[in-house]
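Engineer: Here is a sequence together with a model predicted from it:
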Amino acid sequence: MKQILLVLAVFSALLSYAVEEVVFQADFNRKDAVSKWSKNPDMTWLPDGGINNSGCLKFHSTDPNGNHLTYIPLDINKLRGRGVVVEGWMKADQVKESSRSYLGPKLMLSVTHDGTTSYPDQTKKYGTYNWEKFSRYWQVPATATKAYLNLGLQGTTGTVWIDEVRVFLTPALKVPARLEKQLPRQKRTQYRGVMSGNDLSEEAIRELKEVWNANLIRFQIGQNNGLDHTTEAGFRKIVENKLVELDKLIPLARKYGIKILIDMHIGPGTSTDVLLRNQLSWELKDQQLLVDIWREIAAKYGKEPVIWGYDLLNEPRDENYVYQTDGGLDWNRLAARIAAAIREVDPETPIIVESTDWGGPEGFRTLVPINQPNMIYSFHFYYPNTFTHQGVVGKPDGVLYPGHIAGEEWNREKLKQIMQPVIDFQNKYNVPIYVGEFGVARWAPNAEKWLEDVISIFEENGWDWTYHAYREYNGWDAEIGSDKNDRTRIGDTPRRRVLLKYMRQNEK
């Protein structure tokens with residue numbers, strides 16, 4: 001009887017844990033409810049213009065530079081440190097697309113934190129359409145001081161109707177009071193290496209060790225070669241093909257004294273952009289497949305001493321997370337689930353978790369440490385993107401570092417400021433940090449100065465790192481000169497000299 005009661009109690013606790021917490025909602029069915037919102041001359045309350053002839057708000061703009069928004073404050077005490085979903089219904093008529101992607105119809109939070117204000121809002125849709133549901137998921141930093149919900153039109157023309165708006169919290173991942181069996185925080189950098197590229201021949205690995213003195217390779221599972229990663233069969237085939245390559249690489253890595261990190265560079269059902277950032281799938285089958293694949297990988301390689309760690313997913317994104325009580329998990333909770341599955345078969349190999357925000361430093365403001373043995377936390381660094389990616393994906397060339405870039409002064413101090421959330425996270429939880437990717441276009445003016453500055457900050461904090469990348473895309477190749485039109489691999493370049501300067505500190 002006691003066992004039955006215990007099971008029921010656990011089930012009840014889990015059920016209550018899973019129920020969403022609504023912190024604000026508005027159906028606009030009563031005119032007096034609109035009085036609580038800020039006044040806007042281009043906003044109209046309609047008693048029967050909404051869904052099923054209910055009340056709604058209507059915004060109309062003839063000014064392409066206008067700010068036609070209404071807002072209402074939210075209780076920041078309920079939002080701090082939590083995953084928040086803003087959802088609502090919109091209908092539009094001839095809403096013109098703005099030259100700036102963040103402008104248009106607005107279902108937006110504005111949250112002040114850490115001396116700045118963030119503006120997470122829904123995916124933009126322009127033109128004319130009937131009622132559609134939109135949502136935006138965002139992790140509110142624990143340091144947030146105030147928050148507002150904003151509705152309307154901004155920087156565009158047209159008409160939009162808004163109805164049935166809600167703000168609710170997703171289940172929280174509890175921060176452990178004490179992290180068990182964690183790896184010690186690094187006192188100094190021990191691993192300096194590269195992302196794997198297209199050349200994994202013995203000659204390339206030999207040179208990586210004997211010339212570069214690298215001691216770590218971040219091995220990418222991601223090139224699909226025409227396979228469809230949105231199907232289970234396609235994703236499994238991608239993994240299978242890459243593990244064949246890994247099995248060939250392991251003896252070479254062992255021979256030359258280089259460790260390997262297995263990096264899941266693409267996920268089942270994820271949507272990837274041109275920079276291979278992974279927008280997660282919320283399908284249960286896709287998330288379960290990622291869990292299963294990692295359990296299988298860990299079972300296979302758990303006793304292989306060459307394997308340094310498991311990087312669960314490259315640059316995860318979950319801003320379009322759609323919460324359902326019995327649905328998929330946001331990234332932090334999914335990462336915890338994958339880590340638990342790995343530990344079922346491999347109790348020791350380090351597990352690497354990247355932050356959301358595409359693996360960027362800002363994601364560390366809301367990252368929750370996972371209470372499993374031997375965890376490492378990781379971020380990627382390509383800031384300012386206008387400089388590092390100049391001449392890539394349509395960005396203009398000729399941006400100089402250090403200097404005034406995109407309206408701000410960029411130098412070593414500014415780079416360190418961008419990394420501050422990572423530094424704060426490490427200080428708070430006393431955990432190891434690994435920089436999985438960083439790099440700069442080879443034709444960027446003064447690229448070697450940028451490399452020197454970012455690596456010196458990594459080293460100052462004792463972080464391990466891998467440069468992106470070794471003999472992969474020519475634009476990042478440190479062995480090719482700065483002439484954009486000349487792809488000749490000359491070996492010695494100012495950028496490679498910076499990398500080798502630090503890699504020489506690796507133990508021989």
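Structural biologist: Perfect, I can see it now. The shown structure was predicted, so the numbers you read here are calculated from the model rather than taken from an experiment.
Engineer: Any idea how many residues pack against Asn53?
Structural biologist: Neighbourhood size, Asn53 [other CB atoms under 10 Å]: 10. C-beta coordinates here come from the backbone N, C-alpha and C atoms, glycine included.
Engineer: pLDDT value on it, please?
Structural biologist: Asn53 is assigned 93 on the pLDDT scale.
Engineer: How about the backbone phi and psi for it?
Structural biologist: phi 60, psi 30 (degrees, to the nearest 10).
Engineer: distance of it from Lys31?
Structural biologist: 15 Å (CB to CB, to the nearest Å).
Engineer: Surely Ala214 touches Met195?
Structural biologist: No: using CB atoms under 8 Å, Ala214 is not in contact with Met195; the gap is 10.7 Å.
Engineer: which neighbours do those two share?
Structural biologist: Counting by CB atoms under 8 Å, 6 or more residues apart in numbering, the common neighbours of Ala214 and Met195 are Tyr470.
Engineer: which residues touch His229?
Structural biologist: Phe235, Ile238, Ile266, Gly267, Pro268, Gly269, Thr270.
Engineer: In space, what's closest to the last one - neighbours in sequence excluded?
Structural biologist: I take that to be Thr270. In space, Thr270 comes closest to Asn278 once its chain neighbours are excluded; the distance is 4.1 Å by CB to CB, 6 or more residues apart in numbering.
Engineer: That neighbour - how many residues pack around it?
Structural biologist: Every residue meeting other CB under 10 Å relative to Asn278 is counted, giving 26.
Engineer: now do the one 5 residues further on
Structural biologist: For Glu283, the number of neighbouring residues by other CB under 10 Å comes to 14.
Engineer: and what of Leu169?
Structural biologist: Residues near Leu169, counting by other CB under 10 Å, number 17.
Engineer: again, but for the one 4 residues further on
Structural biologist: Residue crowding around Leu173 was assessed by other CB under 10 Å; the count is 19.
Engineer: Who are the contact partners of the residue nearest to it when sequence neighbours are not counted?
Structural biologist: Closest residue in space to Leu173, ignoring its immediate chain neighbours: Val368 at 4.7 Å, by CB to CB, 6+ apart. Val368 sits next to Leu173, Lys174, Val175, Asn332, Ala336 when contact means CB under 8 Å, 6+ apart.
Engineer: sorry, back to before: I'd like the contacts of His229 written out as a markdown table, with secondary structure and pLDDT added.
Structural biologist: Below are these laid out as a markdown table (DSSP: H, G, I helix; E, B strand; the rest coil; pLDDT from 0 to 100):
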| residue | secondary structure | pLDDT |
| --- | --- | --- |
| Phe235 | helix | 93 |
| Ile238 | helix | 94 |
| Ile266 | coil | 91 |
| Gly267 | coil | 92 |
| Pro268 | coil | 92 |
| Gly269 | coil | 88 |
| Thr270 | coil | 86 |
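Engineer: what's near enough to touch Val34?
Structural biologist: Taking CB under 8 Å, 6+ apart, one finds Phe28, Trp45, Leu57 in contact with Val34.
Engineer: pretty sure Arg166 is in a helix, no?
Structural biologist: No: according to DSSP: H, G, I helix; E, B strand; the rest coil, Arg166 belongs to no helix; its state is strand.
Engineer: Distance of the nearest residue to it once chain neighbours are set aside relative to Thr349?
Structural biologist: Residue nearest to Arg166 in three dimensions, not counting chain neighbours: Gln25, with 4.5 Å by CB to CB, 6+ apart. From Gln25 across to Thr349, the span is 45 Å (CB to CB).
Engineer: Of these two, which one has the most company?
Structural biologist: Using other CB under 10 Å, the more surrounded residue of Gln25 and Thr349 is Thr349, with 22 against 12.
Engineer: and that one, that one's in a helix?
Structural biologist: No: using three-state DSSP, the secondary structure at Thr349 is coil, not a helix.
Engineer: That one contacts Asn374, doesn't it?
Structural biologist: Yes: between Thr349 and Asn374 there is a contact under CB under 8 Å: 7.1 Å.
Engineer: Show the low-confidence segments of this protein, by residue range.
Structural biologist: Along the chain, segments meeting pLDDT under 70 span 1-19, 224, 272-277, 508.
Engineer: where exactly do the helices run in it?
Structural biologist: 2-18, 31-34, 76-79, 202-210, 232-256, 284-301, 331-345, 385-388, 412-418, 420-429, 447-460, 494-503 (DSSP state H).
Engineer: export those to a markdown table and tack on distance to Ala406?
Structural biologist: Conversion of the helices of the chain to a markdown table gives the following (distance: least, CB to CB, whole Å):
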| stretch | distance to Ala406 |
| --- | --- |
| helix 2-18 | 42 |
| helix 31-34 | 38 |
| helix 76-79 | 29 |
| helix 202-210 | 35 |
| helix 232-256 | 36 |
| helix 284-301 | 35 |
| helix 331-345 | 27 |
| helix 385-388 | 5 |
| helix 412-418 | 11 |
| helix 420-429 | 19 |
| helix 447-460 | 15 |
| helix 494-503 | 22 |
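Engineer: Not counting residues beside it along the chain, what's closest to Arg365?
Structural biologist: Excluding the flanking residues, the one nearest Arg365 by CB to CB, 6+ apart is Pro141, at 4.2 Å.
Engineer: Number of residues surrounding the one you found?
Structural biologist: Pro141 has 22 nearby residues by other CB under 10 Å.
Engineer: Please report the distance of it from Gly475.
Structural biologist: Applying CB to CB to Pro141 and Gly475 gives a distance of 34 Å.
Engineer: Report the beta-bridge partners for Phe219.
Structural biologist: Ile262 (DSSP bridges).
Engineer: sorry, back to before: the residue nearest to Arg166 reaches Asp163, doesn't it?
Structural biologist: No: with contact defined as CB under 8 Å, Gln25 does not count as touching Asp163 (11.4 Å).
Engineer: The closest residue to Ser281 other than its chain neighbours: how many residues sit nearby?
Structural biologist: Using CB to CB, 6+ apart and skipping the chain neighbours, the partner closest in space to Ser281 is Gly269 (3.2 Å). When neighbours are counted by other CB under 10 Å, Gly269 registers 22.
Engineer: ditto for Leu280
Structural biologist: 26.
Engineer: how many neighbours does the residue nearest to it when sequence neighbours are not counted have?
Structural biologist: In space, and not counting its chain neighbours, Leu280 is closest to Asp318: 5.2 Å by CB to CB, 6+ apart. For Asp318, the neighbour count with other CB under 10 Å is 24.
Engineer: Now Asp318: phi and psi?
Structural biologist: phi -140, psi 30.
Engineer: so it makes contact with Trp331?
Structural biologist: Yes: if you go by CB under 8 Å, Asp318 and Trp331 touch, sitting 4.5 Å apart.
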